[in-house]
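Participant: sequence and predicted structure, then a few things I'm wondering about:
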Amino acid sequence: MELVKPGLGLIFWMTITFSIVLFLLSKFAWKPILNSIREREDSINNALNAAEDARMQMSALQADNEKLLNQARAERESMLKEAQEMKDNIIAQAKKTADEEGQKLIVKANASIESAKLKAINELKTEVAILTVDLAEKVLRKKMEDRSQQEAFVNENLKSITLN
Amino acid sequence: MHQNKSKIISYLLPIFLMVACLSSNSFANDTHAVETHETEKVDAGKIIMEHIGDAHDWHIASIGHSHISIPLPIIIKDNAGFKIFLSSKFDHGHANYEGYKLAEGKIVAVNADGSENHEASFYDLSITKNVASMLISVIILCWIMFSVASSYSKNKGKAPKGLANLIEIGVLFIRDEIAKPSIGPKYSKFLPYLLTIFFFIFLNNLLGLIPIFPGGANVTGNIAITMVLALFTFVITSINGNKTYWGHIFLPPGVPKGLWILLIPIEIIGMLNKPIVLMIRLFANITAGHIIMLGFFSLIFIFGAMSEGLGLGVSLLSVAFTVFMNFLELLVAFLQAYVFTLLSALYFGSAVEEHHHEEHH
């Protein structure tokens, strides 16, 4: 029975000691320890959050890069297409111009050929006329050796010439 | 396997020999005692009660009739004022001093003619073995915790080192496994108390397992100590009890008013029951462990008194069982500290919890 009878002295000392210990430990041990633990946990959490943020930013950046790259690619594509078109245009234009120019040249050449031909024909005509006149003169000379014949001929010709 | 066995035997052999020496010594003492006092039997009950009870000196060993013990201060408050002196003045109960003497380890007043005076009123506020042991444990506890706290402020924001690392496991365990789930969002207010009782009980449980000087006292197995601890829990619970907590006790919701006459006493008993259960659980568990171990050791001397060989044989068994019990007690030391803290936290939780009646019933 002695065992379950709480001793007065023990209760007295235990109450005092435990109160003091509770106070001292709460103030000088648990407070700094718990605060340090909480601060450390906070800082770890913050660091983790920051890392997560950085990761997100990184991936956002990567997505941005991807987008930019795609944009650049598309731009290049469109530029190439444009250049191609321009080239085609220029070629077509050049072809057209060349055709026109050729046509013009042909026309010009034709004209000059025509004029040269005309000139040649004219020259030929003159030459033929001169030759004819010469021939006619020779023939006439031979035929007009006597006076009467000359007169007959002139008269005949005069008759044919109608004076207007 | 065979090698392992021989290894175990080589470890056990010195223990066996030591115990054998001790037992033969005590046997010699006993025969001496037989010659002088004519008391043959070993009174195991008395030995055990002496060991788990309180005392006015810190007994370390007895060799023959000379006791090696540390005298402790006696403080007596009576009508004449305080009387403070060392327990060595009592000469282990053989001498009177200042009108008092020790009888069966208890201080009693004596009359001028030397007879015991049971009428005299006085308060015994002595620093007994348990008080001294508790003070030592408290000094150790404060020293550990202050050094841990200073190491925290020294490497702020870094990982804990050494002792702080060990203590942090306990602190986080109390905070995350006991306080947070049991109390809820208001846990931080009770955390210092929970940490203090946990480490106080745990340390004293462990010191109780050390058989010699700074340990050896049965502090947490003393009902006065556990009573004070339980009272602290009870007082803190009552101070922090909110309207719903007291309302549940004195105005039980959801029952007809006629039943209140029945329910209110039950609720009050339930409220008072909690600290009593706390008190008895810790006291009984720790004391039981000590009794079992002392019982095993007493067996050696009981059988040793019958015959030396029997004592030696039993000693082997007793030591093996005591080793096993020691491991079990290490577990119990933690477990009881945990249980006391957990139940305190649950009581605090019930005191500060905001009940919603429609949900509750």
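Facilitator: Structure received. Here the structure is a predicted model, which means the values were calculated and not measured.
Participant: spatially, what comes nearest to B:Ile276 if we skip its sequence neighbours?
Facilitator: Spatially, and ignoring its direct neighbours in sequence, B:Ile276 is nearest to B:Ala230 (7.1 Å; CB to CB, 6 or more residues apart in numbering or on different chains). C-beta coordinates here come from the backbone N, C-alpha and C atoms, glycine included.
Participant: meant to ask about B:Asn111, not that
Facilitator: Closest to B:Asn111 by CB to CB, 6+ apart is B:Asn117, at 4.8 Å.
Participant: could I have stretch B:308-323 exported to PDB, CA atoms only?
Facilitator: The C-alpha coordinates for stretch B:308-323 follow below in PDB (Å, rounded to 0.1, in the frame of the first residue of the first chain):
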ATOM      1  CA  GLU B 308      24.400 -22.500  -3.900                       C
ATOM      2  CA  GLY B 309      24.200 -24.600  -7.100                       C
ATOM      3  CA  LEU B 310      20.500 -24.000  -7.500                       C
ATOM      4  CA  GLY B 311      21.200 -20.200  -7.200                       C
ATOM      5  CA  LEU B 312      23.900 -20.400  -9.900                       C
ATOM      6  CA  GLY B 313      21.600 -22.300 -12.200                       C
ATOM      7  CA  VAL B 314      18.700 -19.900 -11.700                       C
ATOM      8  CA  SER B 315      21.000 -17.000 -12.100                       C
ATOM      9  CA  LEU B 316      21.700 -17.900 -15.700                       C
ATOM     10  CA  LEU B 317      18.000 -18.000 -16.400                       C
ATOM     11  CA  SER B 318      17.300 -14.900 -14.400                       C
ATOM     12  CA  VAL B 319      20.000 -12.900 -16.200                       C
ATOM     13  CA  ALA B 320      18.800 -14.000 -19.600                       C
ATOM     14  CA  PHE B 321      15.200 -13.000 -18.700                       C
ATOM     15  CA  THR B 322      16.400  -9.700 -17.200                       C
ATOM     16  CA  VAL B 323      18.300  -8.900 -20.400                       C
END
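Participant: any idea of the mean pLDDT in it?
Facilitator: Average pLDDT, stretch B:308-323: 90.
Participant: same question for stretch B:129-144.
Facilitator: 93.
Participant: other residues contacting it?
Facilitator: Here stretch B:129-144 makes contact (CB atoms under 8 Å, 6 or more residues apart in numbering or on different chains) with A:9-10, A:13-14, A:17, A:21, A:24-25, A:29, B:54-59, B:72, B:127, B:163, B:167, B:199-200, B:203-204, B:207, B:214-219, B:222, B:224-225.
Participant: those in helices, which ones?
Facilitator: Members of the contacts of stretch B:129-144 lying in helices (criterion: DSSP state H): A:9-10, A:13-14, A:17, A:21, A:24-25, B:163, B:167, B:199-200, B:203-204, B:207, B:224-225.
Participant: so among those residues, which ones count as buried?
Facilitator: Taking 16 or more other CB atoms under 10 Å in any protein chain shown as the criterion, what is buried in the ones in helices among the contacts of stretch B:129-144 is A:9-10, A:13-14, A:17, A:21, A:24-25, B:167, B:199-200, B:203-204, B:207, B:224-225.
Participant: and the next element down the chain from the helix or strand hosting A:Leu68?
Facilitator: Per DSSP states H and E, A:Leu68 falls inside helix A:31-143. Note on helix A:31-143: by DSSP H and E, the next helix or strand toward the C-terminus is helix A:147-160.
Participant: ok, now how distant is A:Arg147 from A:Val154?
Facilitator: Going from A:Arg147 to A:Val154 by CB to CB, to the nearest Å gives 11 Å.
Participant: verify the stated contact: B:Ala55 with B:Ile107.
Facilitator: No. Using CB atoms under 8 Å, B:Ala55 makes no contact with B:Ile107, being 11.3 Å away.
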